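> Just a sequence and a predicted model for now, questions to come.
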Amino acid sequence: MLGQSVERSLLVIDETDQQLDLLQRYQNRSMLLMLMRHLGCGLCRQQLYRLRDYQQRFANADCEIAIITMGDAAMAKGFRQLNQLPFAVYSDPKQQVYEAFEIGQGSLWTVAGPHVLARQMLLAFKGIPSSVNLAAESIRRLGGIVLLNPQAEIAFHHVANPIHRYPPWEDILHLLEQPQQRAA
């Protein structure tokens, strides 16, 4: 998957319930997509909060950040506001972007096994509780991270399986900052 060009549209719904193509929206810029497992996943939100802390460094590297959820436009907007996110949150209710980047589904063990539940409970004690809205989201859907370079090629791809395993944001920033260092 690395190095492949994204040839087709990445259609999502924005907070105003309008459809847009992410490839057109962020044309000729790097784009980091964080595909949320579900909005109530404390482990996913922990990664999102860490990403929020790195937002300025991604901006300095000329990289836009877009969060993708499975809910509707109202859920995306509420989620962005509730979590005070400085980047856009889009909805993908048909999960087409998830499928385009092969962010599949895990077994119940990988998403709700004792090793996952223990981590979720620990986060709840730290103030990041978990909840699930099964009407809008798939409990078995995995989360993931995709970095597209300005030519819409996949520069980084990660599926969080098990759901608590995400790479450090520093590693992804290094991929973005490396070409800038060579150019300078």
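In hand now; what should we look at? All figures in this text were calculated on a predicted structure; none of them were measured in a lab. Numbers count the residues shown, from 1 in each chain.
> so where is this protein shaky, pLDDT-wise?
107-109, 111-138, 179-184 (pLDDT under 70).
> Okay, helices next: where are they in it?
Taking DSSP state H, the helices of the chain run over residues 22-25, 42-60, 73-82, 96-100, 108-112, 114-125, 169-183.
> Just put those in a markdown table and tack on mean neighbour count.
In short, each C-beta sits where N, CA and C put it, glycine included. Formatted as a markdown table, the helices of the chain follow (neighbours: other C-beta atoms under 10 Å):
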| stretch | mean neighbour count |
| --- | --- |
| helix 22-25 | 16 |
| helix 42-60 | 17 |
| helix 73-82 | 17 |
| helix 96-100 | 18 |
| helix 108-112 | 16 |
| helix 114-125 | 14 |
| helix 169-183 | 13 |
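> could you dump those helices to JSON lines with distance to residue 10?
Shown next, in JSON lines, are the helices of the chain (distance: least, C-beta to C-beta, whole Å):
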{"stretch": "helix 22-25", "distance to residue 10": "4"}
{"stretch": "helix 42-60", "distance to residue 10": "18"}
{"stretch": "helix 73-82", "distance to residue 10": "15"}
{"stretch": "helix 96-100", "distance to residue 10": "5"}
{"stretch": "helix 108-112", "distance to residue 10": "24"}
{"stretch": "helix 114-125", "distance to residue 10": "29"}
{"stretch": "helix 169-183", "distance to residue 10": "18"}
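> Which of those helices sits closest to residue 16?
helix 73-82 (6.8 Å; C-beta to C-beta).
> just how off-centre is the closest one within its chain?
When C-alpha coordinates are averaged (C-alpha atoms, centre = their mean, to the nearest Å), helix 73-82 and its chain have centres 15 Å apart.
> elements contacting it?
When contacts are defined as 3 or more C-beta pairs under 8 Å, 6 or more residues apart in numbering; DSSP states H and E, helix 73-82 packs onto strand 63-69, strand 88-91.
> could you dump the ones you listed to TSV with mean neighbour count?
Below are the helices and strands packed on helix 73-82 laid out as TSV (neighbours: other C-beta under 10 Å):
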stretch	mean neighbour count
strand 63-69	23
strand 88-91	23
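> State the distance from the closest residue to residue 173 other than its chain neighbours to residue 175.
Using C-beta to C-beta, 6 or more residues apart in numbering and skipping the chain neighbours, the partner closest in space to residue 173 is residue 57 (5.6 Å). Going from residue 57 to residue 175 by C-beta to C-beta, to the nearest Å gives 12 Å.
> looking at it, residue 58 is touching residue 32, isn't it?
Yes. The pair residue 58 / residue 32 is scored as a contact, 6.2 Å apart, by C-beta atoms under 8 Å.
> before we move on, the earlier item: how much space between the residue nearest to residue 173 and residue 177?
8 Å.
> With residue 90 instead?
To residue 177, residue 90 is 26 Å away according to C-beta to C-beta.
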